[in-house]
Structure formats: structure tokens, C-alpha cells
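Undergrad: dropping a prediction and its sequence here:
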Amino acid sequence: AASDISKLYHCYHQTPVFIDDMKVVNTTKGLIMQQKPVELSTLTGKAQAYIRNNDTVSRTFQLIYAIYETVSGVSAITHVDVKEVTLEAGSEMLVESTEKLFPAISNTAICKIFVWDDKQQPYALLTSDKINIQATYHADGSVTYANGLIPMNDKNIQYQGRWKEQANGSFYGYFESGLEFDFTGTSISVALEDTCRILYSIDGGGLQRNVTASGTVVLATGLSEGAHSVKFYSEYQQSFPKIRNFKINDGADTKPKAKKPAMEFIGDSISVGYIGAGLVNSLGSSFSFKTPELLGFSHNTVAFGGIAMVAGSGGPDNTGMVSRYFKLSEYTPGEANVSTWDTTKYVPDYVVINLGTNDPSTGESASKFKPAYISFLENIRACYPNAVVFAMSPFNSAHKNEIAEAVSLRNTAGDNKVIYIDTTGWVNIATETTDGTHPTIEAQNKISNNLMTSIQNYINQQH
């Protein structure tokens with residue numbers, strides 16, 4: 001193999017030195033890194049590597065993609081492609097074998113990625129922590145992973161809410177987002193980049209909660225042979241899951257699943273699952289989680305404790321949901337330049353709004369509530385032209401008249417898919433809250449059932 005690879009570098013008049021397992025070796029000309037081989041079993045398989053420029057200045061690298069095939073019992077390079085990339089200091093990127101290599105690849109081919117740095121340096125500038133993907137794609141939509149490593153861009157993963165793909169292939173979640181997919185095999189785990197709070201369930205079973213999840217977390221073992229399903233969610237506000245990959249059994253599959261109607265909840269601490277001080281506060285306890293589960297819908301929540309509808313009210317986030325909704329992330333202390341959320345990335349079929357509890361009922365700020373609510377409804381409609389929007393009155397009846405009037409104005413303007421839900425009587429504030437504001441778990445269950453009934457009645461009337 002060394003003699004074959006040296007042929008690729010003849011233009012540099014330097015025979016490279018390299019060893020297996022992604023180790024970097026210094027030569028008199030520069031640095032070589034060999035990406036650990038990835039066996040391709042289909043024409044769409046890829047070799048991948050994650051590289052970083054650890055230097056303090058911009059650097060240019062040559063990426064050499066070599067396809068090895070066994071001919072007459074001898075492994076030889078049959079296809080080669082080369083491209084050049086420039087990385088700024090400290091920057092990183094994912095590199096993949098290029099598509100034009102694929103047409104002539106046999107089922108037994110191996111693709112290797114090599115990286116050449118043409119500036120002599122005594123330091124290793126490249127690292128590779130991108131997982132090796134060994135995928136076979138089938139006509140029925142299932143994907144077999146030879147080594148069980150599922151990348152986060154697997155086409156069978158259904159994402160709910162706000163997720164952003166990173167340069168290294170990881171997916172980061174924001175607000176109270178989720179995902180689900182079907183798989184085969186007897187076990188499943190998830191690899192996390194950082195400590196976070198997670199909720200998950202297997203095969204529709206009980207909801208599991210881990211508020212200190214980090215590293216590799218085993219979600220299930222000892223499952224029966226055959227098909228299974230996993231649901232995975234941010235456990236609470238500011239959970240910020242950072243997922244590198246899922247792991248199932250070697251040779252197991254992910255499988256396509258029918259898409260369910262998607263429901264997004266927009267709210268405050270009640271929607272995020274805050275029950276009370278010293279109690280178990282979790283998204284899994286909230287009506288925003290339980291209602292769509294009762295309906296059989298997929299779901300996510302965009303909520304944060306203390307937030308109001310109107311900018312300048314509420315806290316610690318006083319930007320108001322009228323503004324915060326259109327940001328990628330929920331509030332974090334000391335935040336600056338929060339990215340805008342591209343609402344085309346995730347389009348719900350139903351939107352449920354429960355806001356107003358944290359908006360003042362008297363004074364100048366109170367007069368701003370109705371205009372802000374109307375504006376918010378207009379903006380939500382602009383983002384999701386076909387969604388049904390349910391506007392709930394707060395459980396303490398705050399601003400219920402203004403909300404009803406805002407919905408009526410939207411209906412008069414021709415938007416008949418905005419529906420007012422009056423929650424009067426759903427919660428006894430004196431006996432069914434922990435602090436005069438936040439419903440008990442039992443009250444959250446009652447809210448879930450009442451809301452499920454209201455939404456189901458609406459859906460039945462449309463059919």
C-alpha cells in the first residue's frame with residue numbers, strides 16, 4: 001500500500017510516511033494523515049473524516065480520495081480524486097469521498113481519505129473524530145449499518161423542532177425539541193458531546209429521564225429481535241442536547257416510518273413543565289408533551305420560564321415571545337447575537353399558544369398585549385400558511401378577553417384556521433396549583449385531556 005500511495009504524491013518528490021488508525025506522521029515535506037478505511041457495500045457509501053486546522057494561521061490542505069479494489073487477488077488503487085481546501089485558524093470541516101468516485105465502485109471496494117499539508121510543520125495539525133459510516137441503502141428505505149453507527153443525517157430520523165447540524169456531523173438541539181426513528185436489533189445507545197438533560201422512550205414504553213446525561217448513554221439493551229422505535233427529547237429548557245450519533249447492533253437497520261401530524265407548543269414555564277420549587281420539573285410532566293402523545297402526533301415545544309408575549313415584560317428573558325420565537329435558541333445568561341431561526345426548517349401542522357400569564361394586566365404594558373398578540377398571530381401565519389393555530393386563554397384567565405378578540409380579528413380577516421380555546425374552569429387556582437400559578441402534575445394531566453378533547457373535536461368537525 002505504501003508504494004501505491006507514494007505514486008499519488010509523486011508531484012511532491014517526497015515519499016510519505018503513514019500508519020494505520022488515523023495517526024499523523026511528520027515527514028520532511030509535510031504531514032500525512034490516513035483516514036481509517038471505510039468499507040463500501042453500495043455505490044452510495046462514503047468515507048468521511050472530520051479535520052481541524054489547529055494552527056494559528058490559515059492553512060491549505062490537499063485531500064486525496066483513493067478507491068481500492070481487489071483485482072486478481074491483489075488490492076490496488078483503481079480510482080483517485082484530489083481537491084484542495086483552505087481552513088482558517090481553528091476552523092474545522094467535514095470531508096467526504098466525492099460522488100464522481102462512485103459509479104465504478106464494486107461491492108468490495110474500500111475508500112480511503114488522505115490529507116496532505118504542503119507546509120513543513122513539526123506539529124500535528126489534523127485530527128479526525130468523525131465517525132466512520134458503513135451504510136447500505138435499500139429500496140424499501142431502510143439503511144443497514146455494518147458497524148451500527150447511525151449518523152445524525154440518517155434519512156429515517158424524524159426531527160421535531162429546532163436542530164442544527166454542525167461541521168462535524170453532530171446535531172445540536174434548542175428549546176424543547178425531539179426526534180424519533182425505527183430501528184432493528186437488541187440494543188441502542190446515544191453518543192453525546194456534552195452533559196445535557198434528556199427524555200426518551202423505547203417502543204412507546206415509559207418515559208425515562210436523565211438530567212446528567214453525558215458521553216455514551218445506553219438507552220436500551222436486551223430487546224427482542226425485530227423492529228423497535230425510539231423517541232428522544234430535550235428534558236427541559238436549556239437542555240441543549242449535542243448528539244454525535246446513535247449506536248445499534250452491528251448489521252442492524254434504521255427503517256422508514258409513517259410521518260404523523262406535527263404539533264408545536266409555544267408557551268412559558270407551564271408549557272415547559274415547571275411544577276414547583278423542590279419538585280420534579282420536566283417537559284414530560286407538561287400538557288405540551290402529554291396532549292400530542294394522547295393525539296398520536298409528533299411534537300415539540302418552544303417555551304421558557306417567565307417569558308411574556310410582549311417585549312419588555314417577563315424575565316429573565318424580557319425580549320418577549322413576539323421576538324424570541326424567531327431566534328434559534330432560548331435565553332441564556334449573557335447571550336449576544338443569537339442566531340435567527342429559519343422557520344422553513346421545521347413546519348408544524350398545528351400550533352398551540354399558551355401565553356399571557358407573565359404579561360402585566362394593568363399599566364402601560366397591559367395595553368401592549370393585544371397588539372403584540374395580533375402581530376404574533378400574523379407572523380405565525382406568514383411562517384406556516386397551512387397550519388391550524390390554537391390560541392389558549394391562560395389558566396388564570398389573564399388577558400383572556402384580549403386573546404379572544406385577537407382571534408376574532410384574524411377570523412374576520414379571513415383566517416379561519418385560528419381557533420380560540422377558552423380554558424376557564426380547567427384549573428382551580430386555589431387547589432390545583434403549587435404556588436397560585438403553576439398546575440400540579442394532576443392538573444397538568446387534566447389540562448392534557450381537556451385540550452386533547454378540544455383539538456380532537458375541531459379535527460372531527462373538519463372531516
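TA: Here it is on my side, so go on.

Undergrad: which strands and helices sit next to the longest helix along the chain?
TA: In the chain, with assignment by DSSP state H, the single longest helix is helix 441-461. Contacts defined by 3 or more C-beta pairs under 8 Å, 6 or more residues apart in numbering; DSSP states H and E place helix 441-461 against helix 287-295, strand 350-354, strand 388-392, strand 418-421. Just so you know, the C-beta spots here come from the backbone N, C-alpha and C atoms, and that holds for glycine as well.

Undergrad: what do you get if the cut-off is 10 Å, keeping everything else the same?
TA: Helix 441-461 sits against helix 269-272, helix 287-295, strand 350-354, strand 388-392, strand 418-421, with contacts defined as 3 or more C-beta pairs under 10 Å, 6 or more residues apart in numbering; DSSP states H and E.

Undergrad: wait, which of those is closest to Glu84?
TA: strand 350-354 (46.4 Å; C-beta to C-beta).

Undergrad: neighbouring strands of that closest one in the sheet, and parallel or not?
TA: strand 262-267 (parallel), strand 388-392 (parallel) (DSSP bridges).

Undergrad: how about those strands in a markdown table, adding mean neighbour count and distance to Gly356?
TA: Formatted as a markdown table, those follow (neighbours: other C-beta atoms under 10 Å; distance: least, C-beta to C-beta, whole Å):
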| stretch | mean neighbour count | distance to Gly356 |
| --- | --- | --- |
| strand 262-267 | 26 | 10 |
| strand 388-392 | 23 | 9 |
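
Undergrad: out of those strands, which is closest to His438?
TA: strand 262-267 (12.1 Å).

Undergrad: one step back: the helices and strands packed on helix 441-461: which one's closest to Ile198?
TA: Closest among those, using C-beta to C-beta: helix 287-295, at 13.4 Å.

Undergrad: name the residues of the closest one that are buried.
TA: Within helix 287-295, the residues scored as buried using 16 or more other C-beta atoms under 10 Å are Phe287, Ser288, Phe289, Lys290, Thr291, Pro292, Glu293, Leu295.

Undergrad: my read: Ser338 touches Lys327, true?
TA: Rather than Ser, residue 338 is Val. Yes. Assessed by C-beta atoms under 10 Å, Val338 is found in contact with Lys327 at 4.6 Å.

Undergrad: neighbour count winner among the two?
TA: Lys327 (19 against 16; other C-beta atoms under 10 Å).

Undergrad: who's that one bridged to?
TA: Thr340.

Undergrad: please identify the helix or strand for the residue positioned nearest the centre of the chain.
TA: By C-alpha atoms, centre = their mean, the mean C-alpha position of the chain lies nearest to Trp163, the distance being 3.2 Å. Applying DSSP states H and E as the criterion places Trp163 in strand 158-165.

Undergrad: point out where the stretch 201-350 of the chain drops to low pLDDT.
TA: Applying pLDDT under 70 to the stretch 201-350 of the chain picks out no residues at all.

Undergrad: where along it do the strands fall?
TA: 208-213, 216-220, 227-234, 242-248, 252-255, 262-267, 298-303, 350-354 (DSSP state E, counting those that start in this stretch).

Undergrad: how about the stretch 51-200 of the chain?
TA: Using DSSP E, counting those that start in this stretch, strands in the stretch 51-200 of the chain cover 59-71, 74-87, 92-96, 110-117, 135-137, 143-145, 149-151, 158-165, 171-184, 188-192, 196-202.

Undergrad: how about the longest helix of the chain: buried residues?
TA: Buried, per 16+ other C-beta under 10 Å, within helix 441-461: Ile441, Ala443, Gln444, Lys446, Ile447, Ser448, Asn450, Leu451, Met452, Ser454, Ile455.

Undergrad: surely the third one meets Glu432?
TA: By that I understand Gln444. Yes. The pair formed by Gln444 and Glu432 meets the contact definition of C-beta under 10 Å, at 9.5 Å.

Undergrad: shared neighbours, these two?
TA: His438 (C-beta atoms under 10 Å, 6 or more residues apart in numbering).

Undergrad: any common contacting residues for Val338 and Lys327?
TA: By C-beta under 10 Å, 6+ apart, the residues touching both Val338 and Lys327 are Tyr174, Thr319.

Undergrad: how close does the nearest residue to Ala311 once chain neighbours are set aside get to Phe175?
TA: Nearest-residue entry for Ala311: Gly320, 3.6 Å, with adjacent residues in sequence omitted and distances by C-beta to C-beta, 6 or more residues apart in numbering. Taking C-beta to C-beta, to the nearest Å as the measure, Gly320 falls 15 Å from Phe175.

Undergrad: of those two, give the one with the bigger neighbour count.
TA: Phe175 (27 against 22).

Undergrad: still on that earlier bit, for the strand holding Trp163, packing partners?
TA: strand 171-184, strand 227-234, strand 262-267, strand 298-303.

Undergrad: go with 8 Å
TA: Counting by 3+ C-beta pairs under 8 Å, 6+ apart, strand 158-165 packs on strand 171-184, strand 298-303.

Undergrad: ok, which of those comes nearest Ile403?
TA: strand 298-303 (16.8 Å).

Undergrad: distance of Leu192 from Asn281?
TA: 21 Å.

Undergrad: please apply the same query to Asn445.
TA: With C-beta to C-beta as the criterion, Asn445 and Asn281 are 16 Å apart.

Undergrad: do Tyr236 as well
TA: For Tyr236, the distance to Asn281 - C-beta to C-beta - is 7 Å.

Undergrad: joint contacts of the two?
TA: Jointly contacting Tyr236 and Asn281 under the rule C-beta atoms under 8 Å, 6 or more residues apart in numbering are Gly273.

Undergrad: the two: which is more packed in?
TA: More crowded of Tyr236 and Asn281, by other C-beta under 10 Å: Tyr236, with 24 against 19.

Undergrad: what's that one sitting at in phi/psi?
TA: phi -170, psi 180 (degrees, to the nearest 10).

Undergrad: now do the contacts for it.
TA: Here Tyr236 is in contact with Glu176, Arg197, Val211, Val272, Gly273, Asn281, Ser282, Leu283 (C-beta under 8 Å, 6+ apart).

Undergrad: can you say which of these are buried?
TA: Buried, going by 16+ other C-beta under 10 Å: Glu176, Arg197, Val272, Gly273, Asn281, Ser282, Leu283, out of those.

Undergrad: ok, the residues you listed vs Leu219, which is closest?
TA: Looking across those and measuring by C-beta to C-beta, the closest to Leu219 is Arg197, at 14.6 Å.

Undergrad: which residues sit in contact with the closest one?
TA: Here Arg197 is in contact with Arg209, Asn210, Val211, Thr212, Ala213, Ser234, Glu235, Tyr236, Ser239 (C-beta under 8 Å, 6+ apart).

Undergrad: look up the closest residue to it, ignoring the ones flanking it.
TA: Going by C-beta to C-beta, 6+ apart, Arg197 has Glu235 as its nearest residue, at 3.6 Å.

Undergrad: just to revisit the earlier point, tabulate the buried residues of helix 441-461 in TSV, adding columns for distance to Ser365.
TA: What follows is the buried residues of helix 441-461, written out as TSV (distance: C-beta to C-beta, whole Å):
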residue	distance to Ser365
Ile441	31
Ala443	28
Gln444	28
Lys446	31
Ile447	26
Ser448	31
Asn450	30
Leu451	28
Met452	33
Ser454	29
Ile455	31
